[in-house]
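K.L.:
This is a predicted model, with the sequence first.
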Amino acid sequence: MAKSVFAVFIICIVIGHSIGEYDALSSRLPVKNINRVSSLRTAVIRGKRVETAEIVPGTQDSRTSIVEQISKEMAKAEPVSNMQKEDAAFRSKIETLMNWLHRNGADTSSSSAICAPDSSGNMQRGVITTEDLASTGFPLLAIPRRLLLCVDDAATHLQYRAQNMTDSVEAALAVRHMQDIDVKLVIAAVIATRGRLLCKNMPSYVCSVPMRRMGLVLPHPRLRDFQPYYDIMPQSGEMGHIPINWSPAEVESLRGLALHKKVLERLRRLRTAYEKLKGVGLLKVFDPAELSQESALQQQGEVLDEATDLRNPSSLSVPKDVHAEPSFDAFKTAYSNVIARGFGLNMTPQHQICMVPMGDLLNESIEKRSVHWGFETAHNAYIMRTRQPLHRGEEIFDSYGDSKAADMFLFLYGFVPEEFIPAGFVRDSAKKYADVLHELGRLGKVAIDFTPRPPTATEN
């Protein structure tokens with residue numbers, strides 16, 4: 001989930017189509033024709049609404065013409081810049097993500113992903129509506145269970161990998177230890193290694209997919225390949241606003257606040273988990289032994305995601321060095337994605353933290369929050385619904401937590417909402433909200449830490 005700092009918008013992709021919405025939702029969610037792309041006549045470009053032609057029934061050319069039209073409007077707005085080049089790269093990733101979602105039964109027909117520059121010129125993500133929505137409770141987004149990356153999924157995947165390690169017992173214990181101290185670590189390990197999850201290791205309901213023509217929902221053994229989702233996540237170097245990725249000097253600027261101690265403790269936890277996982281071999285990005293097992297499943301008639309062909313290694317994004325391991329910074333980045341973008345969902349049999357593709361692109365605003373969401377067991381899917389009427393082209397906002405303290409906002413998301421900043425206080429953007437927290441600490445509105453600073457080498 002991204003920081004809410006939008007002043008202007010750049011449209012990144014205008015795909016609002018639903019390819020064959022799954023039958024489990026057909027009684028309550030709008031069913032779109034499999035050969036149609038829903039219309040989007042208004043896009044937001046550089047803060048201006050641009051009228052576009054209606055998208056006609058179903059070809060790639062239809063979508064391409066709209067993208068080209070919007071690109072021309074952007075070119076009129078200002079010359080091509082490095083930011084626009086970054087925008088184009090992100091647009092390509094978004095399109096790949098949307099195609100992957102639709103192939104796997106997601107419905108995003110009423111929303112579209114965008115990106116825009118923040119006050120520092122960095123690209124931020126967001127989601128807008130693609131049609132007028134007059135009613136509340138309307139399903140804006142439906143992501144089936146098999147496209148969610150949850151704690152149980154990650155732990156099962158790592159335990160499966162542990163069986164192939166030289167010291168399988170030690171590897172299994174390492175996974176169990178991570179679950180005991182911080183369940184978010186297991187998801188981070190899967191993201192850092194770009195894990196592909198086998199459905200044969202999961203409960204049948206996790207990978208349940210529709211038989212659209214027959215109107216049945218049956219379990220199909222499949223490979224859950226999250227590569228398009230991993231690609232859209234912020235990478236190393238893009239999460240510097242979150243304190244666990246700050247420089248030592250920046251972390252030191254928090255001294256005197258309870259957050260300072262929390263950041264140091266979390267960094268120690270991450271380092272311990274990283275070294276333990278690396279030591280038992282669970283941080284290998286790609287394991288040839290797993291590929292051979294997955295290939296055998298395909299030969300036996302297993303149905304895999306259309307984007308992944310195990311007989312074609314290039315479709316797996318296999319690194320040249322099959323024993324490559326993510327750096328500690330990459331592991332921290334993966335963990336940062338989990339704490340900043342994960343959802344707490346009430347699921348059977350328990351509450352879980354899950355990563356929700358596209359659902360995590362919404363920006364935060366307590367005042368402008370326009371949706372509510374949750375896991376709906378009846379549909380076996382994450383559903384996001386409207387809380388109020390919305391207009392086409394309007395940005396959709398979520399609240400990251402009405403009861404969170406200012407220092408927790410900074411720790412989890414890397415910013416402090418405007419409503420927490422004392423009236424008249426002018427913050428120094430170079431201090432990454434540390435000055436805001438110190439002022440709030442002085443006012444008694446965030447916890448402080450009275451632990452004395454250890455003496456420096458020159459003071460000893």
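P.N.:
Received the coordinates, thanks.
K.L.:
can you list the domains in the chain?
P.N.:
23-146+361-398, 149-338 (automatic domain parsing).
K.L.:
mean pLDDT for the ones you listed: which is lowest?
P.N.:
Of all these, the minimum mean pLDDT falls on domain 23-146+361-398 (a mean of 67).
K.L.:
I figured Ser327 hits Ser236, correct?
P.N.:
Yes. Counting by Cβ atoms under 8 Å, Ser327 does reach Ser236; the two are 7.4 Å apart. (Each C-beta comes from the backbone N, C-alpha and C, glycine too.)
K.L.:
These two - which one has more neighbours?
P.N.:
Applying other Cβ atoms under 10 Å to Ser327 and Ser236 shows that Ser236 carries more neighbours, namely 16 against 12.
K.L.:
I figured the more buried one hits Thr333, correct?
P.N.:
Yes. Counting by Cβ under 8 Å, Thr333 is a contact partner of Ser236 at 4.7 Å.
K.L.:
so where does the nearest residue to Lys184 once chain neighbours are set aside fall, helix or strand?
P.N.:
In this structure, Lys184 finds its nearest non-sequential neighbour in Val338, 4.6 Å apart by Cβ to Cβ, 6 or more residues apart in numbering. For Val338, the enclosing helix or strand under DSSP states H and E is helix 328-341.
K.L.:
quick one: buried residues of that helix?
P.N.:
Neighbour-count burial for helix 328-341 flags Ala330, Phe331, Lys332, Thr333, Ala334, Tyr335, Ser336, Asn337, Val338, Ile339, Ala340, Arg341 (criterion: 16 or more other Cβ atoms under 10 Å).
K.L.:
And the helices in the stretch 251-400 of the chain?
P.N.:
258-280, 288-299, 328-341 (DSSP state H, counting those that start in this stretch).
K.L.:
winner for burial among these?
P.N.:
helix 328-341 (a mean of 22; mean count of other Cβ atoms under 10 Å).
K.L.:
by contact count, what packs against that helix?
P.N.:
helix 184-192, helix 258-280, strand 351-355, helix 406-413 (3 or more Cβ pairs under 8 Å, 6 or more residues apart in numbering; DSSP states H and E).
K.L.:
on that earlier part again, restrict the helix holding Val338 to CA atoms and write it as CSV.
P.N.:
What follows is helix 328-341 as a C-alpha-only set of coordinates in CSV (Å, rounded to 0.1, in the frame of the first residue of the first chain):
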residue,chain,number,x,y,z
PHE,A,328,20.0,-8.9,3.2
ASP,A,329,18.7,-5.7,1.7
ALA,A,330,16.5,-7.6,-0.7
PHE,A,331,15.2,-9.7,2.3
LYS,A,332,14.4,-6.4,4.2
THR,A,333,12.6,-5.1,1.1
ALA,A,334,10.5,-8.2,0.9
TYR,A,335,9.6,-7.9,4.6
SER,A,336,8.9,-4.2,4.1
ASN,A,337,6.4,-5.1,1.4
VAL,A,338,4.7,-7.5,3.9
ILE,A,339,4.4,-5.0,6.7
ALA,A,340,3.3,-2.1,4.4
ARG,A,341,1.0,-4.0,2.1
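K.L.:
I'd like to know how many residues surround Val238.
P.N.:
To be clear, residue 238 is Glu; Val isn't right here. Glu238 is flanked by 14 other residues according to other Cβ under 10 Å.
K.L.:
what residues are up against it?
P.N.:
Residues in contact with Glu238 (Cβ atoms under 8 Å, 6 or more residues apart in numbering) are Thr333.
K.L.:
Torsion angles phi and psi at it?
P.N.:
Reported as degrees, to the nearest 10, the phi and psi values for Glu238 are phi -110, psi 0.
K.L.:
Then Pro203?
P.N.:
According to degrees, to the nearest 10, Pro203 has phi -60, psi 150.
K.L.:
Contact partners for Thr348?
P.N.:
Thr377.
K.L.:
nope, Tyr230 is what I was after
P.N.:
If you count contacts by Cβ under 8 Å, 6+ apart, then Tyr230 has Ile191, Arg194 around it.
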